[in-house]
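Colleague: predicted model and sequence below, questions to follow.
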Amino acid sequence: MLAVHEDRIAAAVARLGSESAFEILARARELEAQGRRVVHMEIGEPDFDTPEHIKKAAIEALYDNHTHYTPSAGMPSLRETIAEYASRFRRLQPEWNAANVVISPGAKPIIWNILCSLLDPGDDFVYFDPAYPAYASCANYLQANVHAIPLLESRNWRMDLDELERHVSPKTKAVVINSPHNPTGGVLTKGDLERIAELAVKNDFVVIADEIYSRNMYLEGEYVSIAALPGMRERTIVVDGFSKAYAMTGWRLGYAIMPERLARTVTLFNNNTFSCVASFVQMAGIAALTGDDTPVVRMNEIFRQRRDRLVNGLNAIANVSCTLPEGAFYAFPNVSAITHDDRALAKFLLEEGGVACGGGSTFGAAGKGYLRFSYAASLEDIDWALESVAKTLPKFKG
Ligand SMILES: Cc1ncc(COP(=O)(O)O)c(C=O)c1O
């Protein structure tokens, strides 16, 4: 029998990244087990319960014996429901249909399967910095040629589009965008999207638009998706899911919408990895999209209050400044006047102050000197955390 020593692990594994929020969560839980109070602002998940009608639909689906395999792309009824919802929400003409939709256990695995479907070693892949870690992890694993475009605090964390223009060419295979954005809460404007679309058409690249926070917006007006801009329907892959909008992180249900030819390949990757998503979970997804939408609107209103409380509180602390996030549920304060070692500071705030947050540089080099706070915590917890941060920060010896 072979023992699994270090030398048995594939060398390619060294190219994988990871989401450090899960590591911080594990340490926070250890401290709680020792009796310490910890406010959780490290992990990107709504603290609300999944709305009742969605849970009920899943339970009914179980009793109706929706407990078997489904097609790898997902149940036709859920795919149709998503095509209809997503076309309406994004005002897309002509509308998508079920053949454009692929279901996955959360958005994260489908990001992996999309990149596996698109990237060969050496292909040019462009993303942004700071970013949700999954894109670069997968693209590096696939040995793509990876370029990161900085997001600018001075543009309220929108992409430096001149820099994007300098980095794309007809050799570029795919560009990923994420609006509203994790970890900063930045939202691309219609003008930004139009310029990215122009570059995509001119250079013939694919845009992967991670729109998982599209229901978590604090701006007036309708959501603008790059997929609905001229010439983009055939070159956009929209990634979305149920985790953030419907407080369904633990259900593991996400999807992507894309040109039919690519959907067939992404489905092949589904087939080779997880086979399909639990059928009663897919039934719950139909209930989420067709049922009462008020819980989503209500959760968002609460997020907005928390955002205002957190951002005002952070800006009142000496040497901390924070832009106002326009979407998602993250604040990304600048702490570079205190230290550039954001990871050490995040660790210190957890160990000394009982506030779990993330170091900005865990999202990329451009996040150095920032922290990420998820405001999926009650107003009372946010107040406690702000007081603790204000008391703990001056004790940090960076
Ligand atoms: C930008 C972004 N995309 C995708 C995901 C994946 O979410 P899930 O796999 O829970 O659907 C996340 C989760 O944090 C995210 O922040």
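Modeller: Alright, I've got the coordinates.

Colleague: need the residues of this protein near the ligand, please.
Modeller: 44, 106-108, 132, 178, 182, 210, 212, 241, 243, 249, 254 (CB under 6 Å from any ligand atom). (Each C-beta comes from the backbone N, C-alpha and C, glycine too.)

Colleague: how about the closest residue to Asn300 other than its chain neighbours, what does it touch?
Modeller: Once flanking residues are discounted, Asn300 sits nearest to Asn216: 6.1 Å by CB to CB, 6 or more residues apart in numbering. Asn216 makes contact with Pro180, Lys244, Ala245, Asn300, Phe303, Gly327, Ala328, Phe329 under the criterion CB atoms under 8 Å, 6 or more residues apart in numbering.

Colleague: likewise Asp342?
Modeller: Applying CB under 8 Å, 6+ apart, we find Asp342 in contact with Val335, Gly359, Gly360, Ser361, Gly367, Lys368, Gly369, Tyr370, Leu371.

Colleague: now with 6 Å?
Modeller: Asp342 sits next to Gly359, Gly360, Ser361, Gly369, Tyr370, Leu371 when contact means CB atoms under 6 Å, 6 or more residues apart in numbering.

Colleague: ok, of those, which one's closest to the ligand?
Modeller: Of all the contacts of Asp342, the ligand sits closest to Gly360, with 14.7 Å by CB to the nearest ligand atom.

Colleague: I'd guessed the closest one sits against Ala366; true?
Modeller: No. Gly360 lies out of contact with Ala366 (CB atoms under 6 Å); the separation is 8.2 Å.

Colleague: who's more crowded, these two?
Modeller: Set side by side, Gly360 and Ala366 show more neighbours around Gly360, with 28 against 22, by other CB atoms under 10 Å.

Colleague: quick check: that one vs Gly221, distance?
Modeller: In this view, Gly360 and Gly221 are 29 Å apart by CB to CB, to the nearest Å.

Colleague: if we can go back for a sec, and the residue nearest to Asn300, how far is that from Asp293?
Modeller: Distance of Asn216 to Asp293, given as CB to CB: 14 Å.

Colleague: repeat for Gly254
Modeller: 19 Å.

Colleague: comparing these two, which residue is more hemmed in?
Modeller: Neighbour count, other CB under 10 Å: between Gly254 and Asp293, Gly254 has more, with 25 against 14.

Colleague: and the more buried one, what is it in contact with?
Modeller: Going by CB under 6 Å, 6+ apart, Gly254 touches Ser104, Gly106, Ala107, Ile110, Gly241.

Colleague: for the ligand, what's its nearest residue on the stretch 101-250 of the chain.
Modeller: Taking CB to the nearest ligand atom, the stretch 101-250 of the chain has Gly106 as its residue nearest the ligand, at 2.8 Å.

Colleague: please enumerate the helices of the stretch 201-350 of the chain.
Modeller: Remark: helices assigned in the stretch 201-350 of the chain by DSSP state H, counting those that start in this stretch are 260-272, 279-290, 294-315, 342-353.
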